[in-house]
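[1] Just a sequence and a predicted model for now, questions to come.
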Amino acid sequence: MKYVTTIDGQEFEIEVVDEKHVRIGERLLEVDFQAVSGQPVFSLILDGKSYESFVYQNEDDWDVLLRGRQYQVKVEDEREKRLKAATGGGGALGGEFQLKAPMPGLVVSVLVEEGQEVKKGQVLLILESMKMQNELKSPRDGIVGRVRVNAGESVEQRQTLLSVQ
């Protein structure tokens, strides 16, 4: 099955060849991807290199925290994407985006304030979890709405931290 995967605005064509192999563009990669103890934590072995990731699903996409960076990932199968394009569906980001904690942790710092203009990819806050500091970034240009947390606060997974309009 082929998928079109959009990661932070960049599209990749991914084909699941079998349980242990995927093709990204022209590259065939050996993959082992396993959930760890029913948590949103996954073990990923990609061509012999080991990674730990946190993955959780939003309404329309996925948030993936890998090596201290958070990515917004949208996955569509090839047919679904073609159908949306043919019917004029898809596209514009609109409305309010709610930044939620990808895992429980401690807010180390909030780098923006309400009413501040932000650019796509700009670090909004730093969340520490499992002794790692993770930069949570804006998925798009906008204005910071309500900031719901302060530095030093503990947060739960999926807790809303702030919004971008």
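    Received, thanks. Numbers count the residues shown, from 1 in each chain.

[2] okay, CA-based contacts and neighbour counts for the rest of this
    OK.

[3] most centrally placed residue in the protein?
    Centroid-nearest residue in the chain, with C-alpha atoms, centre = their mean: D63, separated by 2.4 Å.

[4] residues in contact with Q57?
    Shown in contact with Q57 (C-alpha atoms under 8 Å, 6 or more residues apart in numbering): D63.

[5] List the contacts of Y71.
    When contacts are taken as C-alpha under 8 Å, 6+ apart, Y71 is in contact with 7-8, 63-65.

[6] how does it look with 10 Å?
    Contacts were defined as C-alpha atoms under 10 Å, 6 or more residues apart in numbering; by that measure Y71 touches 6-9, 55, 62-65, 121, 136-139.

[7] the domain parsing of the protein - what is it?
    The record's domain split for the chain, according to automatic domain parsing, is 2-87, 97-164.

[8] Can you say which of those is packed in most?
    For these, average neighbour numbers computed from mean count of other C-alpha atoms under 10 Å are highest in domain 97-164, which has a mean of 18.

[9] what separates that domain from the chain centre, distance-wise?
    With C-alpha atoms, centre = their mean, to the nearest Å as the basis, domain 97-164 stands 13 Å off its chain's centre.

[10] Endpoints of that domain, how far apart?
    End-to-end span of domain 97-164 (C-alpha to C-alpha, to the nearest Å): 5 Å.
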